[in-house]
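# output the structure for:
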Amino acid sequence: MKSSSQREPDADETLWRRGVTLDELNALRAGNMTAHLGIEFVEIGPRFIRARMPVDERTRQPFGLLHGGASVALAETLGSVATHACLPGGREGVGLEINANHVRAVRSGFVTGTVRPVHVGRTTQVWQIRIIEGEEGRLVCQSRLTMAVIGEQGGAGRG
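Now for the predicted structure:
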């Protein structure tokens, strides 16, 4: 049996140890690729974070479609922020591996990415990111990001 410090959180219990707000997440965009691509954080739930990104001259490839690299940048941004939000102070996450399956072309508008945990451990974390478009929520890209947790080992982790 796992101790209470190692148990998985309940479905309605927040993962976010750092009480992040949309304003705080959007402030993290300043001066980096997140702002350049127009990524904006739009919703935080107990076990997900959601952001949207425009499909425009910043994020399209030369043939007018959403660039796969832009989708991956959105996915890695979401996973990195989720890792940051669920770690105690003194610990951070760095990307180890990301994969992405691009399943639908988008020419304009916005895409929305949602990150959810697959595994939140003391030394590694795995996040699933679904990127959709339109009110029907058509899947554009399915991604998985593995993060390494670095820094002080201070408190007990979640698994």
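# tell me the pLDDT of the residue sitting nearest the centre point of the chain.
Taking C-alpha atoms, centre = their mean, the centroid of the chain lies closest to Leu78, which sits 1.8 Å from it. pLDDT, Leu78: 98.
# equivalent analysis for Gly159, please.
What the model reports as pLDDT for Gly159 is 44.
# go on, Gly89?
For Gly89, the pLDDT comes out at 86.
# cool, and Thr14?
For Thr14, pLDDT reads 86.
# next up, the contacts around Trp16.
Taking C-beta atoms under 8 Å, 6 or more residues apart in numbering, we find Trp16 in contact with Ile44, Pro46, Ala85, Cys86. (Each C-beta comes from the backbone N, C-alpha and C, glycine too.)
# surely the residue nearest to the centre of the chain is in contact with Pro117?
No. Leu78 is beyond contact range of Pro117, at 11.6 Å (criterion: C-beta atoms under 8 Å).
# okay, and the common contacts of those two?
Common neighbours of Leu78 and Pro117, counting by C-beta under 8 Å, 6+ apart, are Trp127.
# report the distance from the longest helix belonging to the chain to the chain centre.
Looking across the chain with DSSP state H, the single longest helix is helix 68-86. Centroid separation between helix 68-86 and its chain, computed with C-alpha atoms, centre = their mean, to the nearest Å, is 4 Å.
# and the contacts of whichever helix or strand comes after that helix?
Helices and strands here follow DSSP states H and E; after helix 68-86, the next one along the chain is strand 91-102. Outside strand 91-102, the residues that touch it by C-beta under 8 Å, 6+ apart are 68, 71-72, 75-76, 79-80, 83-84, 87, 124-125, 140-154.
# mind listing what's buried in strand 91-102?
By 16 or more other C-beta atoms under 10 Å, the buried positions in strand 91-102 come out as Arg91, Gly93, Ile98, Ala100, His102.
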